[in-house]
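Student: Fold the following and give me the result.
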Amino acid sequence: MKKKGEHQLFSKLILFGRKIILKKQEGFALPSVLYMITILSLLILSIVMLKYFYQQNALLSVAQVKSDYAAIDGVNRAIVELNSHAISPQFGMEIAREYDFGQNGKAVVKIQHWGLYYAIFSEGWVGRVRTQRHAVIANMPTSQFENALYFANTEHQLVMTGSAQIKGNVITGISGVTTGTIANFPAPLKKPIEGNIKREISPSLSLGGWKQQVEYFAKIQKGEAQISSSWGNSKYVGSSFILDNNSVTDELNSIVVNGNLVINNYVKRRPKPLYILCNRVIFEQGAELKGLVAILSREEIVVPHNVSIQSAILFSSTLVQVDSNCTFSGQILAPAVEISSGARLDYPSTVVSFQSDDSKIAGQGITLRNGSLVEGALALLTEGNLPIQNTLINIEPGAKVTGAVVCEGAITLDGSVAGTVLTKEFYFYEAPTVYMGWIRTGHINREELPLSYLVPTGFGKSNKLDVLEWY
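Tutor: From the prediction side, this is the model:
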C-alpha cells in the first residue's frame, strides 16, 4: 500500500509540474507576438519609405531632364530671335530673355558677343530644380563659302603654275583663269581646276561685322569703351597678378592689371565670361586655361610649348605667337600672328589679323609655318592703304588649314586648304620679280570641308545661326 500511495503522490507532483510549465508557456506568447508585430511594422515602414524615396528620386530625375530641355530650348529660342533680327546685341552689352514653356518649365537667357561669335547663357527652371546650358553661336556659311575659291579681284587674271590644284568651283572677275610658266615651275598642260569656273563683274568681300569686333576690343584697351555687364564687377590690380581658380570669384566680370598677368597653373572659368586687361601676359609651361576668358594685352603674347588653351580669346596690340606642342582652341586677334611649325589649332579656332593704328607697327599678317595646322578660320582685315607684302597671309609648304581663309590683302598659298579661300589677291616673290595673282604649289579642296563647318558671325548678310559649341 505504501508503494501505491507513493506512486499516486508522484503522479500528482508530475501533473502539478505540467500545470506550472503550461502557465509559464502561456505568459511567453504575448511578448513574442508584440515582438513580431514590431518587426513587421518596421519592415513595412522601410518598404514604404524606400518606395517614397524611389518616387522622389524619379520625380527629381524627371525635373532635372525637363530643366535641361528647358535650358536647351531657351538657347534655341534665342537663336530664332537672332535669326529674325528681333534682337541684336550691341558690343559690350547683353540682352536678357525669359521663355515660358508651361508645364515643361521656363528658361532665363542672356545673350552677348563673344569675340567674333555670340555667347548664349541659359538656365532652365522646373519647380526648384535648375540646369545651366551655355553655347557659342556661329553662322552657317553663305553662298560664297560653297566655292573652293572666291577670287575678288577685278584687275587681273588668276594664274596657276607648277603643282597648284583646285578641287571645287571657282569664282573670279571678268579676267578669269589662265596658266603660266616661271623658273622651276612649268605651266600645267591644262587648267588644274576640277570644277566650274564662273566670272563675275565685281566680286567683293564684306567683313564689316568682323572689323567692328576688333575695333571694340581696341577701344577697351584705350579706355574708350567699357566692359559692361549686369553679372558682376571689376577688380583693379596695381602690379603683377597670378591668375588661378582661387584668385577669381564667379561674380567677377573683369580684371584690370597694371602689369603682367601670370598663368602658371590650371585655370577653369565657369559660366560667366571674364575679361582681363594687362600690359603683358606670361604663360608658363604646363599652364592650362579653359573657359570663356578674354585676355587683352598691350604687348605681344607668346603661347609657349606644352600649354593648353580652350575657348579663350587672346587679343594683342602687336603680335601673338603660338609655339609647337600646344593644345589650342579659341580666338586669336592681333596685327601679326605666327603659328609655329608643329603647332595645332583645333576646331573651332579663329585667327584674325587686323591693321593697327599704331604707326610703330609697319605691317600685319598671318604666317603658318611648315607643319602647322589650323582648323577653323583665318582672316586678314585691312583698309587697303598698306603695301601688299605688308598685308599678307603666308601658308608655307606643309602647312594646312581645314576651314576657310578670308583675306582683304593677299595670300601666298604654298600649303593646302581643305575648304574654301576668299581673297582679293594672291602674291609671291621670286627675285627679282613680284607675282600678283599667281598660285605655284598651293592646293584647295572644297570637298574635304566637313558638312558641319560654321563661320564667325557678322560675315556678309547671313542670318542663319547655329550652335558651334555647347558647355
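Student: Helix, strand, or coil at the residue nearest the centre of the chain?
Tutor: Central residue of the chain (CA atoms, centre = their mean): Ser311, 4.5 Å from the mean position. Of the three states, Ser311 takes strand according to DSSP: H, G, I helix; E, B strand; the rest coil.
Student: ok, now how distant is it from Lys191?
Tutor: 42 Å (CB to CB, to the nearest Å). All C-beta atoms are positioned from the backbone trio N, CA, C, and that covers glycine.
Student: Equivalent analysis for Leu422, please.
Tutor: Using CB to CB, we find Leu422 at a distance of 20 Å from Lys191.
Student: Looking at the two, which has the bigger crowd around it?
Tutor: Shown here are Leu422 and Lys191; by other CB atoms under 10 Å, Leu422 has more neighbours (24 against 15).
Student: Would you double-check that Leu40 falls in a strand?
Tutor: No. For Leu40, which was evaluated using three-state DSSP, the result is helix, with no strand membership.
Student: For burial, what's the neighbour tally of Lys464?
Tutor: Taking other CB under 10 Å as the criterion, the count of residues near Lys464 is 12.
Student: now Pro141
Tutor: Close neighbours of Pro141, defined as other CB under 10 Å, add up to 20.
Student: do Arg269 as well
Tutor: Number of residues near Arg269 (other CB under 10 Å) recorded here: 20.
Student: Show the contacting residues for it.
Tutor: Under the criterion of CB atoms under 8 Å, 6 or more residues apart in numbering, the contact partners of Arg269 comprise 248, 290-293.
Student: let's see it at 10 Å
Tutor: For Arg269, the contact set (CB atoms under 10 Å, 6 or more residues apart in numbering) comprises 243, 245, 248, 250, 252, 289-294, 311-312.
Student: Check what pLDDT it gets.
Tutor: pLDDT recorded at Arg269 is 85.
Student: That one and Glu224, how far apart?
Tutor: Plainly put, Arg269 is 26 Å away from Glu224 if you go by CB to CB.
Student: likewise Asp73?
Tutor: From Asp73 across to Glu224, the span is 38 Å (CB to CB).
Student: the more surrounded of the two?
Tutor: Comparing Asp73 with Glu224 by other CB under 10 Å, the one with more neighbours is Asp73, at 20 against 10.
Student: Make sure that one is indeed in a helix.
Tutor: Yes. Secondary structure assignment (three-state DSSP) places Asp73 inside a helix.
Student: what about it, distance to Ser122?
Tutor: As it turns out, when the distance is counted by CB to CB, Asp73 lies 8 Å from Ser122.
Student: which residues do the two both contact?
Tutor: With the criterion set as CB under 10 Å, 6+ apart, the overlap between the contacts of Asp73 and Ser122 is 99, 107, 109, 133.
Student: Can you name every helix or strand that the helix or strand encompassing the last one contacts?
Tutor: Applying DSSP states H and E as the criterion places Arg133 in strand 129-139. Applying 3 or more CB pairs under 10 Å, 6 or more residues apart in numbering; DSSP states H and E, we find strand 129-139 packed against helix 2-83, strand 106-114, strand 117-126, strand 344-354, strand 465-470.
Student: The second one pairs with which strands, parallel or anti?
Tutor: Based on DSSP bridges, the pairing partners of strand 106-114 within the sheet are strand 94-100 (antiparallel), strand 117-126 (antiparallel).
Student: and what of the fourth one?
Tutor: Using DSSP bridges, the neighbouring strands of strand 344-354 in the sheet come out as strand 327-334 (parallel), strand 373-381 (parallel).
Student: Sheet partners, orientation included, of the helix or strand following the first one?
Tutor: Proceeding C-terminally, strand 327-334 gives way to strand 336-339 as the next helix or strand, assigned by DSSP H and E. The strands beside strand 336-339 in its sheet (DSSP bridges) come out as strand 319-322 (parallel), strand 364-368 (parallel).
Student: Just name the most buried of those.
Tutor: Among those, ranked by average contacts under mean count of other CB atoms under 10 Å, first place goes to strand 364-368 (a mean of 24).
Student: what's the average pLDDT for that strand?
Tutor: Taken as a whole, strand 364-368 has a mean pLDDT of 95.
Student: For Phe91, which non-adjacent residue is closest in space?
Tutor: Spatial nearest neighbour of Phe91, chain neighbours left out: Tyr216 (4.1 Å); criterion: CB to CB, 6 or more residues apart in numbering.
Student: And for Gly208?
Tutor: Residue nearest to Gly208 in three dimensions, not counting chain neighbours: Gly458, with 7.4 Å by CB to CB, 6+ apart.
Student: which residues does that neighbour contact?
Tutor: 113, 116-118, 139, 206-213 are the contacts of Gly458 under CB under 10 Å, 6+ apart.
Student: Quick check: ChimeraX command selecting the buried ones in these.
Tutor: What follows is the ChimeraX syntax for the buried subset of the contacts of Gly458, where burial is set by 16 or more other CB atoms under 10 Å:
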select :113,116,117,118,139,207,209,210,211,213
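Student: Tell me the one of the contacts of Gly458 nearest Pro31?
Tutor: Closest approach between those and Pro31, by CB to CB: Tyr118, at 74.6 Å.
Student: so that closest one sits right up against Val109, yeah?
Tutor: No. With contact taken as CB atoms under 10 Å, Tyr118 and Val109 are classed as non-touching, separated by 11.5 Å.
Student: Between these two, which contacts overlap?
Tutor: Common neighbours of Tyr118 and Val109, using CB under 10 Å, 6+ apart, are Ala78.
Student: where does the stretch 201-350 of the chain have low pLDDT?
Tutor: By pLDDT under 70, the weakly predicted segments of the stretch 201-350 of the chain are 228-232.
Student: where exactly do the helices run in it?
Tutor: Remark: helices of the stretch 201-350 of the chain, listed N- to C-terminal, are 208-222; assignment by DSSP state H, counting those that start in this stretch.
Student: Low-confidence ranges, the stretch 51-200 of the chain, go.
Tutor: Across the stretch 51-200 of the chain, the ranges flagged by pLDDT under 70 are 51-60.
Student: Any idea what Thr433 is bridged to?
Tutor: Glu430.
Student: pLDDT value on it, please?
Tutor: The per-residue confidence score, pLDDT, reads 89 for Thr433.
Student: Around it, how many other residues sit close by?
Tutor: By the other CB under 10 Å criterion, the neighbourhood of Thr433 contains 9 residues.
Student: Pretty sure Asn260 sits against Ile276.
Tutor: No. Using CB under 10 Å, Asn260 makes no contact with Ile276, being 11.4 Å away.
Student: Overlap in contacts, the two.
Tutor: Residues touching both Asn260 and Ile276 by CB under 10 Å, 6+ apart: 241, 297.
Student: When these two are compared, which one has more neighbours?
Tutor: When Asn260 and Ile276 are compared on other CB under 10 Å, the one with more neighbours turns out to be Ile276, at 24 against 16.
Student: Quick check: beta-bridge partners of that one?
Tutor: With DSSP bridges applied, Ile276 shows beta-bridge pairing to Ile255, Ile295.
Student: got the contact list for it?
Tutor: Applying CB under 10 Å, 6+ apart, we find Ile276 in contact with 235, 237, 241, 243, 248, 252, 254-257, 261, 263, 293-297, 312-313.
Student: Run a quick neighbour tally on the nearest residue to Lys235 once chain neighbours are set aside.
Tutor: Of all residues beyond its chain neighbours, the one nearest Lys235 is Ile255 (4.8 Å), with distances taken as CB to CB, 6+ apart. Neighbour count for Ile255, taken as other CB under 10 Å: 21.
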